[in-house]
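Peer 1: With the input below, show me the fold.
(3 chains)
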Amino acid sequence: MPELPEVETVCRGLKPILEGQRIARLTLRRKDLRIPFPQGLAQTLTGHRVMRIARRAKYILLHMDDDHVAIIHLGMAGRMQIVDPATPLEAHDHVIIVTDSGAEIRFNDPRRFGLMTFTTEAALDSHKLFAHLGPDPMGNGFNAPFLVAALKGRKTAIKLALLDQRIVVGIGNIYASEALHRAGISPKRRAGTVTLARAEVLVPAIKQVLQDAIAAGGSSLRDHVQPSGELGYFQHAWRVYGRAGEPCPVCATAVTRLVQGARSTFYCRVCQR
DNA sequence: CCTTGAACCTGCGGGC
DNA sequence: TGCCCGCAGGTTCAAG
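Peer 2: Modelled structure (predicted):
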């Protein structure tokens, strides 16, 4: 899944193809993904121009010329692919978007954990999907005092707290492990025990790892591909994720894998406290 | 309110 | 070769 850096990369890749272009045709090849496509989705977007493409949390937003906003989430394995229209359809190509200029984009999502829906500009902030989200980690609103306050009293592990989109958005399973390693904080530490001093290290670590990943064009696991079809290469820069048994890049201790909330965590038990 | 666990769905790699 | 198992980037819902 695309975490914040991958979604950001997808947005940037779609920008030159979609922004300013009119949607000539939008085809839904099934009736739902994680949630049903809403009534009128295709009709609402067809014939309208995409004025601006933006990321909010891990969602892609298409701001249309008529006050509507298309909302897309890539789930765990979703991809937006810019293709030659002559390319044969593949399994799991669920949504096809064709612009007036003839460009074609296919939303492919094998696991169907993604979604596509729409709302209006006026209803965007209070939309069910966005109403309870925390701040964007790349913004000024996400800082050490804020994080300490958000974690106050929480007994859950810091790793799980970082995955909680109500606290801060955009961080997923890979970057949670990576940020905690960079900050020297154990993923098992109770969230409420993260002091201001530790948060002053963790917050910049989160911003930096996300920024580094964006600069590298995102990570690519078995599924993630940039809209251009190129692979992101940040996975080569992972320090602990997926590296159980390999030496910690800081102290050479073997990286440990553990399970938290039914998901893998990777960390160094020596230099992360 | 918080925390935990299960559920959604498909594909892939490893072990036998 | 084929089958079974575990695992995979996220979110949401129910239950305690």
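
Peer 1: Next to DNA strand B, which bits of the stretch 1-150 of chain A? Give me the list.
Peer 2: Within reach of DNA strand B by C-beta under 7 Å from any atom of the strand, the stretch 1-150 of chain A has these residues: A:34, A:77, A:91, A:92, A:110, A:111, A:112, A:113. In this view, the C-beta of every residue, glycine as well, is placed from N, C-alpha and C.

Peer 1: Show me which of the residues you listed is closest to DNA strand C.
Peer 2: Among these, residue A:113 lies closest to DNA strand C (C-beta to the nearest atom of the strand), at 4.3 Å.

Peer 1: my guess is that closest one contacts residue A:78, does it?
Peer 2: Yes: at 7.4 Å, residue A:113 counts as touching residue A:78 under the criterion of C-beta atoms under 8 Å.

Peer 1: which one of those two has more residues nearby?
Peer 2: residue A:78 (31 against 15; other C-beta atoms under 10 Å).

Peer 1: Is it correct that the more buried one is in contact with residue A:106?
Peer 2: No: using C-beta under 8 Å, residue A:78 is not in contact with residue A:106; the gap is 10.8 Å.

Peer 1: Tell me which residues touch residue A:127, please.
Peer 2: A:71, A:119 (C-beta atoms under 8 Å, 6 or more residues apart in numbering).

Peer 1: now, the most widely separated pair of the residues of the stretch 1-150 of chain A next to DNA strand B?
Peer 2: Pairwise distances across those peak at 17.7 Å for A:34 and A:91 (criterion: C-beta to C-beta).

Peer 1: Looking at these two, which one has more neighbours?
Peer 2: Taking neighbours as other C-beta under 10 Å, residue A:34 and residue A:91 compare with residue A:34 leading, 14 against 6.

Peer 1: Can you get me a residue count around the closest residue to that one other than its chain neighbours?
Peer 2: Of all residues not flanking residue A:34 in the chain, residue A:115 sits nearest, at 4.8 Å (C-beta to C-beta, 6 or more residues apart in numbering). Counted by other C-beta under 10 Å, the residues lying close to residue A:115 total 21.

Peer 1: gap between residue A:115 and DNA strand B?
Peer 2: Distance, residue A:115 to DNA strand B, using C-beta to the nearest atom of the strand, to the nearest Å: 11 Å.

Peer 1: Next: residue A:167.
Peer 2: Counting by C-beta to the nearest atom of the strand, the gap from residue A:167 to DNA strand B is 9 Å.

Peer 1: Could you do residue A:10 as well?
Peer 2: Taken as C-beta to the nearest atom of the strand, the span from residue A:10 to DNA strand B is 20 Å.

Peer 1: Show the pLDDT at that residue.
Peer 2: With respect to pLDDT, residue A:10 scores 94.

Peer 1: Tell me the span between the first and last residue of stretch A:54-61.
Peer 2: 5 Å (C-alpha to C-alpha, to the nearest Å).

Peer 1: Stretch A:127-147 now?
Peer 2: 24 Å.

Peer 1: buried ones in that stretch?
Peer 2: Neighbour counts over stretch A:127-147 (16 or more other C-beta atoms under 10 Å) mark A:127, A:129-130, A:133-138, A:142, A:144, A:146-147 as buried.

Peer 1: quick one: that stretch to chain centroid distance?
Peer 2: 14 Å (C-alpha atoms, centre = their mean, to the nearest Å).

Peer 1: returning to what we had before: could you pull up phi and psi at the residue nearest to residue A:34?
Peer 2: phi -160, psi 160 (degrees, to the nearest 10).

Peer 1: Next up, the contacts around residue A:93.
Peer 2: So residue A:93 contacts A:29, A:106, A:107, A:108 (C-beta under 8 Å, 6+ apart).

Peer 1: Okay, and the beta partners of it?
Peer 2: residue A:108 (DSSP bridges).

Peer 1: re the thing from before, mind putting the contacts of residue A:93 in TSV, neighbour count, distance to DNA strand C and pLDDT included?
Peer 2: Output for the contacts of residue A:93, formatted as TSV (neighbours: other C-beta atoms under 10 Å; distance: C-beta to the nearest atom of the strand, whole Å; pLDDT from 0 to 100):
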residue	neighbour count	distance to DNA strand C	pLDDT
A:29	12	20	98
A:106	23	17	97
A:107	22	15	97
A:108	22	13	96
